[in-house]
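Visitor: generate a structure from the sequence data that follows.
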Amino acid sequence: MHKLSTKTNHHPCAAANLPTEIWLQILVVAGIKSTAVMRLVCETLNRIGSDEWLWKQLAIELQNKKKRIPPRTDIGQVSFPSGVTPSWFEFCKLLAKGKILSCLHRNKILACIGQVG
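Guide: Numbering: from 1, shown residues only. As a prediction, the model looks like this:
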């Protein structure tokens, strides 16, 4: 009797064969949570999901949803707490956790640690 093989020739990240530009557009629509989960699948999807352009788009969208601070499109306009590497990804994390206060100082948003009320 012939035993069926359970092995497949499919790479677990076969979906990563889509062009990066298409993945980035999909992830902008999918949002922060889906992007974070997708990054856990494989190295290729983690690299795609770590793109600064993507996180900038997600940060702008999140800022517009929260309406707590004027939307920033230049990472240079944001001051981060000590020990936090300035990036759109880190800015999104602080925004999503509600840890950005509307601290305006000399036209800069200070990414202050503290609960937004």
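Visitor: strands of the chain, start to end?
Guide: 78-79, 103-105, 108-110 (DSSP state E).
Visitor: how about low-confidence regions in this protein?
Guide: Scanning the chain for pLDDT under 70 picks out the ranges 1-16, 68-69, 99-117.
Visitor: rerun at 90
Guide: 1-18, 41-45, 59-86, 90-117 (pLDDT under 90).
Visitor: tally of neighbours for Ile60?
Guide: 16 (other Cβ atoms under 10 Å). Bear in mind the C-beta positions are built from the backbone N, C-alpha and C, glycine included.
Visitor: ok, now which ones touch the spatially closest residue to Leu62 that is not a sequence neighbour?
Guide: Spatial nearest neighbour of Leu62, chain neighbours left out: Leu95 (5.0 Å); criterion: Cβ to Cβ, 6 or more residues apart in numbering. By Cβ atoms under 8 Å, 6 or more residues apart in numbering, the contact list for Leu95 reads Ala59, Leu62, Gln63, Lys66.
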